[in-house]
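1. Sharing a model prediction with you, sequence too.
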Amino acid sequence: MNGVVGELDAPRAWGGVASSLGFGLLIGVATYVLHGFSLFERATNSVTGWILWTSVAGAAVTHLLPAMTAGAAMMVGACLGYYAVTAAADLFGVGALPTAIVWLGVGIVTGPAMAWAGWQTRRSPGWRRHVGVAMIGGVVLAEAGWMGFILGYWGEAVGFAVLGVALTVALCRYRSRDVRRWWLPFAIILPITGAMLAGEVLVLGTLL
């Protein structure tokens, strides 16, 4: 299956982009509203809590180009939702604008990339599917590395590590009858996790 949008499929495919933008707005608002609630805070106020949803969006949209656009739209919506509600609550002033711009730029890059991973995981039969699975699992494992090695939150780090491994195993087994050597994502997940962790350190280390 390719990424070309047929004439009859276009409204539905691009409708997924609008839905992703709206869901992104909800993610941004939830990040603020749930801040301070220990049960939900790490699930929302984290890179994983935002970026994994773009993989879901990518998997849900039929064609590749709208899927990747949906990933970008979701991250734009998340940034707009979060900074709009915090501005309304007088939490951040104009001084937060540079940080918001950085996150917006990061989202525009990572959103389509992770949406690509979700699309390939669901729809590709070959090596691109293995890369997609490794990217999805790798972003969670990178969060575990950030929590543990950088912040020293080892309890949260273990939780993210378990989630990352479990998610990768589940996605490896998904459609395993259609794909030979279903375990291949584990062969490439470490360098992908390392690259994602390096990016997270670069961005968050600069902002924090």
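-> Okay, I see it.
2. Can you list the low-confidence ranges for this protein?
-> Scanning the chain for pLDDT under 70 picks out 1-11, 36-45, 93-95, 175-180, 208.
3. Spatially, what comes nearest to the residue nearest in space to the middle of the chain if we skip its sequence neighbours?
-> By C-alpha atoms, centre = their mean, the chain has its centre lying nearest to Ile51, at 1.8 Å. If the residues on either side of it in the chain are set aside, Ile51 comes closest to Met114, at 5.3 Å by C-beta to C-beta, 6 or more residues apart in numbering. (C-beta placed from N, C-alpha, C; glycine too.)
4. chain center to the longest helix seen in the chain, what's the gap?
-> Identified as the longest helix of the chain according to DSSP state H is helix 97-123. Centroid separation for helix 97-123 versus its chain: 7 Å, with C-alpha atoms, centre = their mean, to the nearest Å.
5. ok, back up a step: if I pick the residue nearest to Ile51, what's in contact with it?
-> By C-beta atoms under 8 Å, 6 or more residues apart in numbering, Met114 lies in contact with 51-52, 54-55, 58, 71, 135-136, 139.
6. tell me the domain ranges of the protein?
-> 1-92, 124-208 (automatic domain parsing).
7. The residue nearest to the centre of the chain contacts Gly138, doesn't it?
-> No: here Ile51 does not reach Gly138: they are 11.0 Å apart, not a contact under C-beta atoms under 8 Å.
8. residue ranges of the strands in the protein, please?
-> Assigned by DSSP state E, the chain shows no strands.
9. Now do the helices in it.
-> Going by DSSP H, the chain shows helices at 10-33, 38-44, 47-60, 64-88, 97-123, 127-145, 154-173, 185-207.
10. Chain neighbours aside, what residue packs nearest to Ile27?
-> What sits nearest to Ile27 in space, not counting adjacent residues and going by C-beta to C-beta, 6+ apart, is Ala78, at 4.4 Å.
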